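J.: build the 3D model from these lines:
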Amino acid sequence: MVDTNQAQDSAEIRGARGGWIQWVMVAGLIYLLICAVGLIGSGFKLATGDQAKELFAFATNPFAGLVVGTVATALIQSSSTVTSIIVGLVAGGLPVEVAVPMVMGANIGTSITNTIVSLGHVREKKEFARAFSAATVHDFFNLLSVVIFLPLEIAFGLLEKMGAALAGVFTVSDADMGGVNFVKAATAPVTKTIEGVLTPMGSTAGGIALIVVGIVMIFLSIHYVGKLLKALMVGKAKDIMHTAIGKGPISGIFSGTLVTVLVQSSSTTTSLMVPLAGSGAFGLKQIYPFTLGANIGTCITALLAATAVSGNAEAALQIAFIHLTYNVLGVLFIFGLPFLRYLPVKSAEWLGATASENKMVALVYVLGVFFVVPGLCLGVTSLV
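T.: From the prediction side, this is the model:
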């Protein structure tokens, strides 16, 4: 009996040590993520010089920028990765007004993951209707947000102005102790070493190499952070979700935000909800607020990425705050107005019922919304 207790104690100690090691690894990977964004900014600035605007002239049309963000995120299946790359590009000279529609598009593109997850329920008609509705409510909400806020951004620069105001508050001159940014100083050993190796290749080649290395580092860090956090937190995230779902929409929104911050992935949060909906454990109106919270929680990655960039740090922070502001305003505006509140729910229920009757509708929807329609729009806008 004593041996059994000792074995249990040893197992608990090993588990605790393993948990601490995993958290240290998470911290290390977030450090690499911040370094990677800095490298992309440096590389973009080095490769383009003062030609950043000309390089992205094709995306000065907001619809083209929206399509780029949508397709890139749908292919990569991570809005965190895409928005982190955008933050790095803005730090290197990509105009903020070009980046805003790209961030909006990233919101749409990230919805593909949970939509694909719902296809696993395709064999059971009623189950598939519920699961596909739960997945696509995220799509309809994000599409409605774009329909509302993209025209406002084009006409008045609403998000750009709000992002600039917030960035100005957080980049006051006294905040970095006389010009020493501690986060930037902490990442300097890694970024300066890599830059020292690659910049001798020349401005264009060296800049491109820095961008490629930065993108690879972002992919790897976000991929492994996601894996580690899922192992550490998904069980707790499920508990939070189950506890909060019955407590009303406000609780659902806050819990969706918290879960997404914990697992660093809105795709994970929304994908966790799909089987719950498919099984009938929770209704679409109960799950819907979690989707809204997931949109807000996913902004933490871009904000982290913007804390230490070389180049235009204030612009990088501005685009990160634009991402946050856009998602918070979307929730306040759409969920706050009764006539808009359940429009995504009704649309998703109709699509789920239609797709359960004809499975080809689901396939056409995924390919059409995330690839075919954006591709056609990009082709049309390039000809205009």
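J.: contacts and neighbour counts: CA atoms only from here.
T.: Will do.
J.: who touches the nearest residue to W350 once chain neighbours are set aside in this structure?
T.: Spatially, and ignoring its direct neighbours in sequence, W350 is nearest to S133 (7.8 Å; Cα to Cα, 6 or more residues apart in numbering). S133 is in contact with L284, V345, A348, E349, W350, L351, G352, A353, counting by Cα atoms under 8 Å, 6 or more residues apart in numbering.
J.: so which of those wins on neighbours?
T.: G352 (28 neighbours; other Cα atoms under 10 Å).
J.: who are the packing partners of whichever helix or strand it is part of?
T.: Using DSSP states H and E, G352 falls within helix 343-357. The contact analysis (3 or more Cα pairs under 8 Å, 6 or more residues apart in numbering; DSSP states H and E) places helix 343-357 against helix 125-156, helix 284-297, helix 359-367.
J.: in JSON lines: the contacts of S133, plus pLDDT.
T.: Formatted as JSON lines, the contacts of S133 follow (pLDDT from 0 to 100):
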{"residue": "L284", "pLDDT": "90"}
{"residue": "V345", "pLDDT": "95"}
{"residue": "A348", "pLDDT": "95"}
{"residue": "E349", "pLDDT": "95"}
{"residue": "W350", "pLDDT": "96"}
{"residue": "L351", "pLDDT": "95"}
{"residue": "G352", "pLDDT": "94"}
{"residue": "A353", "pLDDT": "94"}
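J.: looking at the helices and strands packed on helix 343-357, which is closest to L329?
T.: Nearest of the helices and strands packed on helix 343-357 to L329, taken as Cα to Cα: helix 125-156 at 8.9 Å.
J.: and I319, how far from P151?
T.: Distance from I319 to P151, counting by Cα to Cα, to the nearest Å: 18 Å.
J.: between those two, point out the one with more neighbours.
T.: Each of I319 and P151 has its neighbours counted (other Cα under 10 Å); I319 has more, 31 against 13.
J.: residues in contact with the helix or strand hosting the more buried one: which ones?
T.: Secondary structure assignment for I319, by DSSP H and E: helix 313-330. Residues outside helix 313-330 that contact it (Cα under 8 Å, 6+ apart): 83, 87-88, 90-91, 96, 99-100, 103-104, 145, 149, 159-160, 162-164, 166-168, 171, 295-296, 299, 302-303, 306-307, 309.
J.: filter the residues you listed down to the buried ones.
T.: Using 16 or more other Cα atoms under 10 Å as the burial test, those include 83, 87-88, 90-91, 96, 99-100, 103-104, 145, 149, 159-160, 162-164, 166-167, 295-296, 299, 302-303, 306-307, 309 as buried.
J.: now the helices for the stretch 201-350 of the chain?
T.: For the stretch 201-350 of the chain, the helices defined by DSSP state H, counting those that start in this stretch occupy 203-245, 249-263, 266-279, 284-297, 300-305, 313-330, 336, 338-341, 343-357.
J.: could those go into JSON lines alongside distance to L376?
T.: Output for the helices of the stretch 201-350 of the chain, formatted as JSON lines (distance: least, Cα to Cα, whole Å):
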{"stretch": "helix 203-245", "distance to L376": "27"}
{"stretch": "helix 249-263", "distance to L376": "32"}
{"stretch": "helix 266-279", "distance to L376": "26"}
{"stretch": "helix 284-297", "distance to L376": "27"}
{"stretch": "helix 300-305", "distance to L376": "29"}
{"stretch": "helix 313-330", "distance to L376": "26"}
{"stretch": "helix 336", "distance to L376": "34"}
{"stretch": "helix 338-341", "distance to L376": "28"}
{"stretch": "helix 343-357", "distance to L376": "23"}
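J.: mean pLDDT for the ones you listed: which is lowest?
T.: Lowest mean pLDDT within those: helix 203-245, at a mean of 74.
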